[in-house]
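Q: just coords:
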């Protein structure tokens, strides 16, 4: 089933089958605001702490708004300046998409979303459908212009916290890089072992949530396996992300134990670059460029299932 609806006062579309219900907000960046496993009425996503959705504009501070659910961060996470064809362009906080109003239409049982950037010119298309116990998101990003566009795509899917939850990167990940200075992980750009590490507070299990503050790290090199997951022993549930690792070879993890706006949530973040803003990515020789007339196509899915 695919039908228009409302969600916390916002225009929305509902996708539903026997296993899942997904709520999508086209006018709020195509955000997936809710993803529920119906047999247990179990919600994966971190829910809106503000109780409603406000219209945002390009360049607004992401933290002043809802910061919930599943957004696409493009063409950056951190606000930054980029030189394009001799002009200086501002890439806004958490990118352009979260504040954009997408067009939406039902294409059979698939929700088709589209937006074109007035500032940068690219077209961004996202199709969402339910396939048994998976939400499947298919992306097409096209540059119709004449200038190369440095661009990061990052999955910004905030999930809710439960006691004893586990956050699992692929087994090949044995080192991570800290992205900002904290009393959990130490100095920015420090390299730590994974999943067991030593930080300023002592021994750390990086497969668990911080009890306070906030942290973020990335797998220290490209990851071949396009799969990561959350396990929720209390609810006997698991959520698995699967994606094209050739297009999204990097993997980050963000967590706040109350250190960001008093929110408690986390996000495994498959990404196409390393990491978070254009300058960083260039410095790491990991800044993708969407060339004129080039199109990026990739798929990411989220599977919800009982924990074995």
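A: Yep, it's here. Just so it is clear, the structure is predicted and the values come from calculations on it, not from any experiment. Numbers count the residues shown, from 1 in each chain.
Q: which residues pair with the residue lying closest to residue 173 once chain neighbours are set aside across the strands?
A: Once flanking residues are discounted, residue 173 sits nearest to residue 219: 4.5 Å by CB to CB, 6 or more residues apart in numbering. Heads up, the C-betas are built off the backbone N, CA and C, glycines and all. Per DSSP bridges, the residues bridged to residue 219 are residue 176.
Q: Quick check: residue 219 vs residue 114, distance?
A: Residue 219 sits 32 Å away from residue 114 when distances are taken as CB to CB, to the nearest Å.
Q: Counting neighbours, go ahead and name the busier of those two.
A: Comparing residue 219 with residue 114 by other CB atoms under 10 Å, the one with more neighbours is residue 219, at 24 against 16.
Q: Nearest spatial neighbour of residue 34, chain-adjacent residues omitted?
A: residue 23 (4.1 Å).
Q: Would you mind measuring from the nearest residue to residue 165 once chain neighbours are set aside to residue 32?
A: Residue nearest to residue 165 in three dimensions, not counting chain neighbours: residue 232, with 5.2 Å by CB to CB, 6+ apart. According to CB to CB, residue 232 and residue 32 sit 18 Å apart.
Q: Need the pLDDT of the residue sitting furthest away from the middle of the chain.
A: Each residue of the chain has a distance to the centre, and by CA atoms, centre = their mean the biggest one is for residue 86: 30.7 Å. The score at residue 86 is 89. That number is its pLDDT.
Q: ok, now residue 308?
A: 84.
Q: Let me see the contact set for it.
A: Neighbour list for residue 308: residue 238 [criterion: CB atoms under 8 Å, 6 or more residues apart in numbering].
Q: so how far is residue 104 from it?
A: 36 Å.
Q: and what of residue 20?
A: Residue 20 is 19 Å from residue 104, by CB to CB.
Q: What sits closest to residue 300 if chain neighbours are left out?
A: Per CB to CB, 6+ apart, closest to residue 300 is residue 243, 4.1 Å.
Q: What does the pLDDT read for that neighbour?
A: Looking at residue 243, the pLDDT reads 98.
Q: Poorly predicted segments of the stretch 201-308 of the chain, please.
A: For the stretch 201-308 of the chain, not a single residue meets the criterion pLDDT under 70.
Q: With that, I have no additional questions.
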